[in-house]
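Q: Based on what follows, work out the 3D shape:
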Amino acid sequence: MKTRQDAWTEENDLLLAETVLRHVREGSTQLNAFEEVGDKLNRTSAACGFRWNAVVRHKYEKALQLAKKQRKQKMRALGKGQTAKKRLLYTPPEASPGDFTEVNAVQNSKSYNHPELAANSKVELTMDSVIEFLRTYQGNSEHIEALQQENERLKKENEELIKKNEELEKKVAKLEEESKTVQEDYETLMKIMNRARKLVLFEEEERPTTTFKMDRNGNLEKMAE
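A: Numbering: from 1, shown residues only. Now for the predicted structure:
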């Protein structure tokens with residue numbers, strides 16, 4: 001009888017994910033994969049199924065979809081005249097009388113997402129499966145609490161970013177207003193300079209020209225205006 005009670009490690013989760021993906025890809029069943037992992041880790045297949053659906057599956061959703069796609073391609077490759085049947089990649093050892101109730105509980109359960117269905121199937125649960133469920137449930141609660149804390153942190157960070165963005169928008173509007181004022185002052189200054197330049201040119205045009213005459217000695221003498 002399997003009595004594994006310690007927590008799941010990252011290596012256990014990785015083994016579970018690789019085994020399930022391999023079984024799906026090769027046309028086997030997830031239940032068969034749970035049985036294989038359960039025998040390797042000395043856990044019940046029900047515990048493996050619950051761990052997969054409650055924790056591990058969402059991390060490998062894309063890989064699972066790809067494995068299903070590859071399975072369909074292999075089934076098509078069998079040809080129209082052949083029937084594509086699921087094959088089991090793993091044959092579990094003969095179950096002892098103490099494990100028989102757990103195997104039936106897994107086979108009668110339609111969903112591993114809700115382990116309470118096993119209790120409703122009129123099959124007696126063993127103590128280790130109950131302990132495994134409570135341990136996993138506690139782990140999920142801690143995971144949910146961590147997600148809630150992360151969500152609150154992101155909310156506060158988002159509020160701070162919104163405030164900073166509003167402050168930056170005010171600064172940009174102020175700079176645009178100052179830039180507009182500088183542009184207007186520059187245009188006014190250019191107008192004044194152009195007027196001054198025109199006045200100088202006009203005075204030069206109105207100023208009489210100076211005439212000279214040459215005396216007997218060949219010197220230039222300014223003529224009276």
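
Q: Where does pLDDT dip in the protein?
A: Where the chain drops to pLDDT under 70, the residues are 1-5, 79-87, 92-143, 204-216, 218-225.

Q: in the protein, which spans are helices?
A: Using DSSP state H, the helices of the chain run over 10-25, 30-41, 45-51, 61-77, 97-108, 116-120, 127-206.

Q: Of those helices, flag the one that's most buried.
A: For the helices of the chain, average neighbour numbers computed from mean count of other C-beta atoms under 10 Å are highest in helix 45-51, which has a mean of 26. Backbone N, C-alpha and C define where each C-beta goes, glycine included.

Q: for it, packing partners?
A: Packing partners of helix 45-51 (3 or more C-beta pairs under 8 Å, 6 or more residues apart in numbering; DSSP states H and E): helix 10-25, helix 30-41, helix 97-108, helix 127-206.

Q: Please convert these to JSON lines, extending it with distance to Lys74.
A: Shown next, in JSON lines, are those (distance: least, C-beta to C-beta, whole Å):
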{"stretch": "helix 10-25", "distance to Lys74": "8"}
{"stretch": "helix 30-41", "distance to Lys74": "16"}
{"stretch": "helix 97-108", "distance to Lys74": "25"}
{"stretch": "helix 127-206", "distance to Lys74": "33"}
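
Q: To Lys62, which of these lies closest?
A: Lys62 sits nearest to helix 10-25 of all the helices and strands packed on helix 45-51, at 10.8 Å, using C-beta to C-beta.

Q: For that closest one, name the packing helices and strands.
A: The contact analysis (3+ C-beta pairs under 8 Å, 6+ apart) places helix 10-25 against helix 30-41, helix 45-51, helix 61-77.

Q: quick one on the thing from earlier: of all the helices and strands packed on helix 45-51, which one comes closest to Gly49?
A: Closest to Gly49 of the helices and strands packed on helix 45-51 is helix 30-41 (C-beta to C-beta; 4.7 Å).

Q: Dump stretch 157-174 to PDB, keeping only the CA atoms.
A: Extracted in PDB, the C-alpha atoms of stretch 157-174 (Å, rounded to 0.1, in the frame of the first residue of the first chain):
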ATOM      1  CA  GLU A 157       2.400  49.900  -8.800                       C
ATOM      2  CA  ASN A 158      -0.200  50.700 -11.500                       C
ATOM      3  CA  GLU A 159      -1.600  53.500  -9.300                       C
ATOM      4  CA  GLU A 160       1.800  55.000  -8.900                       C
ATOM      5  CA  LEU A 161       2.500  54.800 -12.600                       C
ATOM      6  CA  ILE A 162      -0.800  56.500 -13.300                       C
ATOM      7  CA  LYS A 163       0.100  59.400 -10.900                       C
ATOM      8  CA  LYS A 164       3.500  59.700 -12.500                       C
ATOM      9  CA  ASN A 165       2.000  59.800 -15.900                       C
ATOM     10  CA  GLU A 166      -0.400  62.500 -14.900                       C
ATOM     11  CA  GLU A 167       2.500  64.600 -13.500                       C
ATOM     12  CA  LEU A 168       4.500  64.100 -16.700                       C
ATOM     13  CA  GLU A 169       1.500  65.200 -18.800                       C
ATOM     14  CA  LYS A 170       1.200  68.400 -16.700                       C
ATOM     15  CA  LYS A 171       4.900  69.100 -17.200                       C
ATOM     16  CA  VAL A 172       4.700  68.500 -20.900                       C
ATOM     17  CA  ALA A 173       1.700  70.800 -21.100                       C
ATOM     18  CA  LYS A 174       3.600  73.500 -19.200                       C
END
